[in-house]
Each structure stands twice: as structure tokens, then as C-alpha cells.
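Peer 1: fold the stuff below for me.
(chains A and B)
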Amino acid sequence: KQEVTQIPAALSVPEGENLVLNCSFTDSAIYNLQWFRQDPGKGLTSLLLIQSSQREQTSGRLNASLDKSSGRSTLYIAASQPGDSATYLCAVMLPGGGNKLTFGTGTQLKVEL
Amino acid sequence: GAVVSQHPSWVICKSGTSVKIECRSLDFQATTMFWYRQFPKQSLMLMATSNEGSKATYEQGVEKDKFLINHASLTLSTLTVTSAHPEDSSFYICSARSLHYEQYFGPGTRLTVT
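Peer 2: This next block holds a predicted model:
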């Protein structure tokens, strides 16, 4: 059974700092991995999707990497801003799994002024 | 981009009553939709996979007779919580899978059972 873990569970940083969020998964045979953002009481916003054949994806200040063999992904946020404060979730999709996503435990990020 | 809506955004109901939550893909067709629940400060837990025109597939431990799912069209899936109890209070989120296999999430429905 696929298990997805995110470290740290919570993180507080001053504005402007670069930071890294970690995601690890137990079954390396994934189809893709996605990073999402969730604001309190809201749904999910997709940030980046990395296919299993890719090693990284970039969007603006965000960069996500994937090391499938070691079961790890990182989300790098450059020059953090208070508006980045949210919970960040990673999710993996297994091939042939009916496109079901298994979500990680989440990292709650707070960027302070 | 693809938009998924949910209705209602929040609902309060009395114990023993049933509540229906709608999930709609607004600008694309979704043969598959997913229903998740999320407890406070926890991650999303997949409840069931909803396929248009066929029965939903429920995850282990999810009661299919309690959480009725209907996917009658390519743009609409509904989740009905039957005989709701306070422990069913949660945040319910749906997602819709596009033809390109990306999932787009709805804004969620906050259910409170009193």
C-alpha cells in the first residue's frame, strides 16, 4: 500500500527566505506526482505536476523535483512571501490504479512579515 | 483552466437527515470523478471513485449504503450522506478527471451535523 509522508508538518519562515518542502513515498512505481496548495477551508489548487519520466518542473518561484528511485520529491519555493502561507500537499498516482491519488500528510507553511 | 464547482459550499443538518452534495465540471467532460473527505488538520482521504453511467467504486472502510454516489452525466456527480450523524461532519471535496488525466478539484463542502 502506497504511503506518502511530508516533512516538516509545519514550517514558519521570515519573508524572503528560500525554502524546501519534502515528500516521500513508499512505492516508487508511480505514474506521476503533483504538488497542491490548500488555503484554510478551501479546495486544492494544483501547483506542479511531474510525470514519472521527468525529474523536475518549474513554475515561477516554484520548482519541484522528483527522484523516483529513492521515492522522494521536493518543492522549492524561492523568495517566499506572506501570500505563500498555506498547506502544501503532495500526491502520487500509481499506474493502472484508476487514476487515484494518494495524498501526503501535508506541510503547513507560514511566511511571516 | 478547467473549473469544478461544488454545491452547497457549506451545510448544517440535523442528525438522521440526508444531505446531497453536487460536484460539477463546468467546462469539460469528466467520465471519472473522485470524492474525498478531510478532517481538520488532516490530509485528504479518498472515499470513492465515481464513473459516469456505472456504479461507484468505494475504498475500503467506506460504507456504500451510507455515502450514495450517482454520476448520471459527464458533468455531474452527487454524493448523498444518508442518515447523517455528527461523526460525518467533515470537509468533502470532489475532483474531476479530464481527458488528459489531470484532476481538478472543487472548492469543497463543509458539512456539520448537529
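
Peer 1: hmm, stretch B:22-31 in reach of chain A?
Peer 2: No - applying C-beta under 8 Å from any C-beta of the partner chain, one finds stretch B:22-31 separated from chain A by no less than 10.3 Å. Where C-beta positions appear, they are placed from N, C-alpha and C, glycine not excepted.

Peer 1: can you pull the pLDDT of B:Gly1?
Peer 2: B:Gly1 carries a pLDDT value of 68.

Peer 1: I meant B:Gln42, not that one.
Peer 2: We have a pLDDT of 85 for B:Gln42.

Peer 1: my guess is A:Ser28 meets A:Lys68, correct?
Peer 2: Yes - with contact defined as C-beta atoms under 8 Å, A:Ser28 counts as touching A:Lys68 (5.3 Å).

Peer 1: what does chain A have sitting close to chain B?
Peer 2: A:34, A:36, A:41-46, A:49, A:89, A:98-106.

Peer 1: which of these are buried?
Peer 2: Buried subset of the residues of chain A next to chain B (neighbour count, 16 or more other C-beta atoms under 10 Å in any protein chain shown): A:34, A:36, A:42-44, A:46, A:49, A:89, A:99-106.

Peer 1: where is pLDDT lowest across those?
Peer 2: pLDDT across those is lowest for A:Asn99, at 79.

Peer 1: spit out the contact partners of it.
Peer 2: Counting by C-beta atoms under 8 Å, 6 or more residues apart in numbering or on different chains, A:Asn99 makes contact with A:Met93, B:Thr32, B:Arg97, B:Tyr101, B:Gln103.

Peer 1: filter those residues down to the ones in strands?
Peer 2: A:Met93, B:Thr32, B:Arg97, B:Gln103 (DSSP state E).

Peer 1: and the furthest pair within those residues?
Peer 2: Maximum pairwise distance among the ones in strands among the contacts of A:Asn99 (C-beta to C-beta): 12.3 Å, between A:Met93 and B:Thr32.

Peer 1: okay, and the nearest residue to B:Thr57 once chain neighbours are set aside sits in which element?
Peer 2: Leaving aside its chain neighbours, B:Thr57 sits nearest to B:Thr49 (4.5 Å; criterion: C-beta to C-beta, 6 or more residues apart in numbering or on different chains). In this structure, B:Thr49 sits in strand B:44-51 according to DSSP states H and E.

Peer 1: after that strand, next one along is what?
Peer 2: For strand B:44-51, the following helix or strand on the C-terminal side (DSSP H and E) is strand B:57-58.

Peer 1: just checking, what packs against that following strand?
Peer 2: strand B:44-51 (3 or more C-beta pairs under 8 Å, 6 or more residues apart in numbering or on different chains; DSSP states H and E).

Peer 1: the strand it packs on packs against which elements?
Peer 2: Applying 3+ C-beta pairs under 8 Å, 6+ apart, one finds that strand B:44-51 makes contact with strand A:101-103, strand B:32-38, strand B:57-58, strand B:67-73.

Peer 1: adjacent strands (with direction) for that strand?
Peer 2: Strand B:44-51 pairs in its sheet with strand B:32-38 (antiparallel), strand B:57-58 (antiparallel), by DSSP bridges.

Peer 1: quick check: phi and psi on residue 10?
Peer 2: Going with chain A. A:Ala10 adopts backbone torsions of phi -150, psi 150, taken as degrees, to the nearest 10.

Peer 1: hmm, no, I was thinking of chain B.
Peer 2: phi -150, psi 150.

Peer 1: ok, what's across the strand from it?
Peer 2: B:Trp10 has these beta-bridge partners by DSSP bridges: B:Arg110.

Peer 1: tell me if I'm right that it and B:Arg110 touch.
Peer 2: Yes - at 4.2 Å, B:Trp10 and B:Arg110 qualify as touching, with contact defined as C-beta under 8 Å.
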